[in-house]
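**Student:** Output the structure for:
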Amino acid sequence: MRLPLLGGCQCGAVRYEIRAAPLTVYACHCTECQRQSAGAFSLSMVVPREAVIIVAGAPKEWRRVHESGRIIDCVLCGNCGVRLYHRPERNPKIVVFKPGTLDDTKWLHPVGHIWTRSAQPWFVIPQDTVNYDRQPPDLVRLIEAWQSHQAS
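**Tutor:** A predicted model of the protein is given here:
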């Protein structure tokens with residue numbers, strides 16, 4: 001991993017830089033992420049909000065009110081529709097990126113899995129990662145696991 005992290009949407013209209021190291025990377029198996037990614041799960045990469053710079057294009061925003069009442073501003077390309085990241089209202093210090101939009105994804109390694117209760121039955125959840133059957137109360141254990149993974 002080399003900073004800044006560079007990435008963008010599928011059509012190339014929106015480009016970004018991330019100028020700080022990620023705090024953690026995990027897989028989310030909630031049904032919303034399954035629908036959004038058209039897959040079994042979606043990777044999430046948490047970064048400090050002030051580290052995100054849009055360097056080209058003007059992404060669109062969509063405010064999502066989760067059934068739990070949590071509010072998330074979803075940032076996506078208005079042309080191709082690729083979701084780039086989320087800004088959770090309850091935590092204004094972070095952004096939750098969709099790291100599949102990075103130019104270099106070879107170094108990505110999820111250290112945990114959340115919403116495992118809705119994981120596809122054919123996907124085996126690793127037992128040596130930090131796992132939650134629902135939304136974790138905070139990101140502390142996932143951040144600690146990421147820091148440990150980076151140190152090794």
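
**Student:** Endpoints of stretch 83-100, how far apart?
**Tutor:** One end of stretch 83-100 to the other measures 10 Å (Cα to Cα, to the nearest Å).

**Student:** If you count neighbours, what's buried in that stretch?
**Tutor:** Using 16 or more other Cβ atoms under 10 Å as the test for burial, stretch 83-100 gives 83-88, 94-100. Heads up, the C-betas are built off the backbone N, CA and C, glycines and all.

**Student:** ok, of these, which one's closest to residue 108?
**Tutor:** Ranked by distance to residue 108 (Cβ to Cβ), those are led by residue 99 at 5.4 Å.

**Student:** How about the contacts made by the closest one?
**Tutor:** Shown in contact with residue 99 (Cβ atoms under 8 Å, 6 or more residues apart in numbering): 7, 22, 25, 43-45, 105, 108.

**Student:** Pull out the buried members of these.
**Tutor:** The neighbour count (16+ other Cβ under 10 Å) marks 7, 22, 25, 43-45 as buried among the contacts of residue 99.

**Student:** In JSON lines, list these along with distance to residue 66, secondary structure and pLDDT.
**Tutor:** JSON lines is the format used below for the buried ones among the contacts of residue 99 (distance: Cβ to Cβ, whole Å; DSSP: H, G, I helix; E, B strand; the rest coil; pLDDT from 0 to 100):
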{"residue": "7", "distance to residue 66": "25", "secondary structure": "strand", "pLDDT": "98"}
{"residue": "22", "distance to residue 66": "23", "secondary structure": "coil", "pLDDT": "97"}
{"residue": "25", "distance to residue 66": "21", "secondary structure": "strand", "pLDDT": "98"}
{"residue": "43", "distance to residue 66": "19", "secondary structure": "strand", "pLDDT": "96"}
{"residue": "44", "distance to residue 66": "15", "secondary structure": "strand", "pLDDT": "96"}
{"residue": "45", "distance to residue 66": "20", "secondary structure": "strand", "pLDDT": "97"}
